[in-house]
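[1] Structure of the sequence below:
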Amino acid sequence: MRDSTRLSRRAALGLAAAAVPLAAAVPAAAATTIGGERLTRGGVQVSGASGLPKGLTARSWLVADHDSGEVLASYDAHRRLAPASTLKMLFADTVLDRFERTEKHTVTAADLAGIPSGSSLVGVRAGITYTVEELWLGVFLRSGNDAVHVLSHMNGGVDETVAQMQAKAEDLQALDTKVVSPDGFDHEGQLSSAYDLTLFARHGLADADFRAYCATRTADFPAGGKKTFQIQNTDRLLTGADGVAVYDGLIGVKNGYTSNAGNTFTGAATRDGRTLLVTVLHPKSGGGGVYEETAALLDWGFGEGTKAKSVGTLVEPLGAGGTGGASATPARQGVAGASASSAANKSSWGMAGGAGGAVALLAGGTLALRNRGRGSGGGNHRR
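    Numbering: from 1, shown residues only. Next comes the predicted model:
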């Protein structure tokens, strides 16, 4: 029988997180070896390559090879920080396959209750019927907390969804993550890390719908009756908005911002058949700084980073046989994101397709999802 005096792993994580100020940085525990021992060290970790971008100000960052799972370079990879809306990647990892994308839901006032003041909104309104696909467009493109709350209520409620997200994080071995809300909004104790967010992105990109949503630049959103209005993705490296140059080969994935958390971003891009993941958290520079530092790290990864030797590993989910230790070996070989636990429901994404595979799902920047079944079923503006 389990010793009742010992805390469960989830409880221990929750108590540790609750004691931390919202945007405070907390080094990972010394005993943590998820992804490899070097990733638990402070400072820059890189081997076999030089020329990392100068002037990086992020409090944490990570560059990884999407296909192999090798971490090419990192800075305080397990540092626990407020994630803002990048946490919506975990929300999608948890809830995306629970509903058919064609399923319809008429929104009620109760679905929209409890959305934090100052949230980013896509414009969901009570009394209007939306498809699940439209709600996910609101989540991915506009980071709409209203769309998140509607999907959460469809999924059994906000509290149930938070519990499922925490369980999903633990299965993904994202042990730096403490989930308090499904939308990533500022809540005391809600924390993640560059390492964990990169795990969420890699897992999500194994799903064709996830890839298509995060790669969509614009879409039409219901306004009631037969009226619609256009929404645009808030990922500036994807759209080129606000003077940020579009990054060549960018696939997605998710940006975030709150006045307390600062800017956060996880991006994926493909060049010459190789896909890289980069996560950047809390750079000092505002506005487009998080995108500039992400682009610089992607450039390094596609250039000098090709010489880099692995300093760690993006581990596999426990459900796929992941071990989590320093010597963990990635199960993905040639098919990015495919795993034993997801093969039945998630299509594989060969690296020959890479960004091209994602682009094939798009038409003029608007969503063209595969017709496949599912299981049952800043300032103060925050995203």
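[2] C-alpha only now, for contacts and for neighbours.
    Fine.
[3] Using CSV, write out every CA atom in the helix or strand containing Tyr213.
    Assessed by DSSP states H and E, Tyr213 sits inside helix 208-215. C-alpha atoms of helix 208-215 as CSV (Å, rounded to 0.1, in the frame of the first residue of the first chain):
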residue,chain,number,x,y,z
ALA,A,208,-3.3,16.6,-39.2
ASP,A,209,-6.0,18.9,-37.9
PHE,A,210,-3.7,20.5,-35.3
ARG,A,211,-1.2,21.2,-38.1
ALA,A,212,-3.8,22.7,-40.4
TYR,A,213,-5.3,24.9,-37.7
CYS,A,214,-2.0,26.3,-36.5
ALA,A,215,-0.9,27.0,-40.1
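[4] packing partners for it?
    Packing partners of helix 208-215 (3 or more C-alpha pairs under 8 Å, 6 or more residues apart in numbering; DSSP states H and E): helix 132-142, strand 250-258, helix 354-360.
[5] who does the next helix or strand after that helix touch, helix- and strand-wise?
    Later in the chain than helix 208-215, the nearest helix or strand by DSSP H and E is strand 218-224. Packing contacts for strand 218-224, counted by 3+ C-alpha pairs under 8 Å, 6+ apart, involve helix 132-142, strand 227-232, strand 366-367.
[6] TSV for the ones you listed, including mean neighbour count and mean pLDDT?
    Shown next, in TSV, are the helices and strands packed on strand 218-224 (neighbours: other C-alpha atoms under 10 Å; pLDDT from 0 to 100):
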stretch	mean neighbour count	mean pLDDT
helix 132-142	24	98
strand 227-232	13	98
strand 366-367	20	44
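[7] Compile those into CSV and extend it with columns for distance to Lys88.
    Compiled in CSV, the helices and strands packed on strand 218-224 are given as follows (distance: least, C-alpha to C-alpha, whole Å):
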stretch, distance to Lys88
helix 132-142, 8
strand 227-232, 17
strand 366-367, 19
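[8] Surely His149 and Ala109 touch.
    No. His149 is beyond contact range of Ala109, at 11.1 Å (criterion: C-alpha atoms under 8 Å).
[9] the more surrounded of those two?
    His149 (25 against 10; other C-alpha atoms under 10 Å).
[10] Tell me the predicted confidence for that one.
    Looking at His149, its pLDDT stands at 98.
[11] The nearest residue to Phe140 once chain neighbours are set aside: what's it in contact with?
    Nearest non-adjacent residue to Phe140, counting by C-alpha to C-alpha, 6 or more residues apart in numbering: Cys214, 5.8 Å away. Contacts for Cys214 (C-alpha atoms under 8 Å, 6 or more residues apart in numbering) come out as Phe140, Leu141, Ile251, Gly252, Val253, Lys254.
[12] nearest spatial neighbour of Gly123, skipping sequence neighbours?
    According to C-alpha to C-alpha, 6+ apart, the nearest residue to Gly123 is Asp146 (7.3 Å).
[13] Any stretches of this structure with poor pLDDT?
    By pLDDT under 70, the low-scoring segments of the chain are 1-32, 325-383.
[14] about what we covered before: which outside residues touch the strand or helix carrying the residue nearest to Gly123?
    Per DSSP H and E, Asp146 falls inside helix 145-154. Helix 145-154 is contacted from outside by 107, 111-112, 115, 119-124, 132, 135-136, 138-139, 158, 161, 182-183, 383, using C-alpha under 8 Å, 6+ apart.
[15] how about a cut-off of 6 Å?
    By C-alpha atoms under 6 Å, 6 or more residues apart in numbering, the surrounding residues in contact with helix 145-154 are Asp111, Ser120, Leu121, Leu135, Gly138, Val139, Val158, Thr161, Asp183.
[16] Check which element follows it along the chain.
    helix 158-171.
[17] next one: that following helix to chain centre, how far?
    For helix 158-171, the separation from the chain centroid amounts to 15 Å (computed by C-alpha atoms, centre = their mean, to the nearest Å).
[18] how big is the angle separating it from helix 145-154?
    Helix 158-171 and helix 145-154 are oriented at 90 degrees to each other (axes from the mean of the first three to the mean of the last three C-alpha atoms, to 10 degrees).
[19] Helix 158-171 packs against which elements?
    Using 3 or more C-alpha pairs under 6 Å, 6 or more residues apart in numbering; DSSP states H and E as the contact test, no helix or strand touches helix 158-171.
[20] what comes into contact with that helix?
    Thr94, Ser152, Val179, Pro182, Pro317, Leu318.
[21] From the residues you listed, list the buried ones, please.
    For these, a neighbour count by 16 or more other C-alpha atoms under 10 Å gives the buried set as Thr94, Ser152, Val179, Pro182, Pro317.
[22] His66 contacts Thr275, correct?
    Yes. At 5.4 Å, His66 and Thr275 qualify as touching, with contact defined as C-alpha atoms under 6 Å.
[23] any idea how far Ile115 is from Ala295?
    Distance of Ala295 to Ile115, computed by C-alpha to C-alpha, to the nearest Å: 33 Å.
[24] These two: which has the busier surroundings?
    Ala295 (22 against 16).
[25] right, and the helix or strand after the helix or strand encompassing the more buried one?
    Using DSSP H and E, Ala295 maps to helix 289-302. As assigned by DSSP H and E, the chain's next helix or strand after helix 289-302 is strand 312-313.
[26] outside of that following strand, which residues touch it?
    For strand 312-313, using C-alpha under 6 Å, 6+ apart, the contacting residues are Gly35, Gly36, Gly69, Glu70, Val71.
[27] Just give the strands next to it in its sheet, each with its orientation.
    If you go by DSSP bridges, strand 312-313 pairs up with strand 70-75 (antiparallel).
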